[in-house]
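[1] from the sequence below, what's the structure:
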Amino acid sequence: MARPQKEIDKEQFEKLCSMFCTQIEIAEFFDVTDDTIHSWCKRTYKLGFSEVYKRKSSMGKMSVRRKQFEVAMGGNVTMLIWLGKQYLGQADRMNFSEEDGFEFPSDKL
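    Coordinates of the predicted model:
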């Protein structure tokens with residue numbers, strides 16, 4: 001006789017994925033093995049854990065990105081600079097030359 005299947009709440013599972021929990025962490029949360037999580041994903045979504053995780057964790061990525069944007073638009077200069085570097089190709093550049101009056105350190109003291 002087969003063992004009864006452990007109950008895994010779909011909504012809780014998806015929330016854990018959106019918080020970037022690992023398969024092991026999700027299994028520990030539900031007190032099951034990682035193999036049980038994989039099998040449950042196959043039955044529930046007709047996909048393996050890794051494919052389900054990719055899809056469900058993307059919601060977490062969107063939430064983080066949205067919050068970063070809100071913080072930046074709220075006036076957080078550090079976040080504005082970081083987002084500019086990440087998405088707009090901006091970078092800190094320091095171009096000095098002797099013509100600008102910059103004196104390069106001498107190897108001789």
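[2] quick one: the helices in this structure, in order.
    Ranges of helices within the chain are 10-18, 23-30, 34-45, 49-73, 77-88, based on DSSP state H.
[3] next, the buried residues of the longest one.
    Which is helix 49-73. 49, 52, 53, 56, 57, 60, 68, 72 (16 or more other Cβ atoms under 10 Å). Backbone N, C-alpha and C define where each C-beta goes, glycine included.
[4] nearest to residue 19 among the residues you listed?
    residue 60 (5.9 Å; Cβ to Cβ).
[5] give me the nearest residue to the closest one, chain neighbours excluded.
    Closest residue in space to residue 60, ignoring its immediate chain neighbours: residue 18 at 3.7 Å, by Cβ to Cβ, 6 or more residues apart in numbering.
[6] hmm, back to that, can you tell me which of the helices of the chain is nearest to residue 96?
    helix 77-88 (20.9 Å).
[7] next, the angle helix 49-73 makes with that closest one.
    130 degrees (axes from the mean of the first three to the mean of the last three Cα atoms, to 10 degrees).
[8] list the buried ones in helix 77-88?
    79, 80, 83.
[9] where's the nearest residue to the first one once chain neighbours are set aside relative to residue 46, distance?
    It refers to residue 79. The shortest distance from residue 79 to any non-neighbouring residue, by Cβ to Cβ, 6+ apart, is to residue 72 (4.0 Å). Distance, residue 72 to residue 46, using Cβ to Cβ, to the nearest Å: 39 Å.
[10] can you check residue 5 too?
    Look at residue 5 and residue 46: by Cβ to Cβ, they are 17 Å apart.
[11] got it, and residue 20?
    In terms of Cβ to Cβ, residue 20 sits 23 Å off from residue 46.
[12] show the contacting residues for residue 19.
    Neighbour list for residue 19: residue 60 [criterion: Cβ atoms under 8 Å, 6 or more residues apart in numbering].
[13] what values do phi and psi take at it?
    phi -100, psi 10 (degrees, to the nearest 10).
[14] show me the contacts for the residue nearest to residue 79.
    By Cβ under 8 Å, 6+ apart, the contact list for residue 72 reads 79, 80, 82, 83.
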